[in-house]
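In: just the structure for this:
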Amino acid sequence: MSAIVLDSYALLALLRGEAGADQVQQLLEKAALRHTPVHMTEVNFAEVQYIIRRKDGDGSWRMIADELVATPIEFHPVGRALADLAADFKARHSLSLADACAAALAKLKKADIVTGDPEFRALEQEIKIQWLRN
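Out: Numbers count the residues shown, from 1 in each chain. Modelled structure (predicted):
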């Protein structure tokens, strides 16, 4: 199994029971069995948090945040190398900043990004993408 980066779309699919949730769940289970982390930027974590809080309330977020501690997700801060690469992706493509950060982490980790977000189509020649099924 190659290294995996989750974008916000993938984690939200899992947390909200949307299309692709089963794929994300399987990836997390495999990662836990192999004692290998799945990666995500703290920017994407913030995006997931604000979406859950807006749509489902603060109480839902508190329960989810407690559960995330038990997952094999390793959250990465945005240091200079990641920021520079994210800025490059954002300057050249129509991406949100969170998506650019996720793509940059995938590139730096030589990892596959797991997403269903069509914004990533512009990056198919630059990073490996595992598309969530609808």
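In: give me the low-pLDDT residue ranges for this structure?
Out: 1 (pLDDT under 70).
In: could you rerun that using 90?
Out: 1-2, 133-134 (pLDDT under 90).
In: just the strands in it please.
Out: 4-6, 38-41, 73-76, 112-115, 128-131 (DSSP state E).
In: list the contacts for L123?
Out: F89, H93, L95, A103, I129 (Cβ atoms under 8 Å, 6 or more residues apart in numbering). C-beta here means a position set from N, CA and C on the backbone, and glycine is covered the same way.
In: recalculate using a threshold of 10 Å.
Out: Each residue near L123 by Cβ atoms under 10 Å, 6 or more residues apart in numbering is listed here: 89, 92-93, 95, 99-100, 102-103, 106-107, 113, 115, 129.
In: T36 too?
Out: Applying Cβ under 10 Å, 6+ apart, the residues contacting T36 are M1, A3, I4, K30, P72, E74.
In: noted, bye for now.
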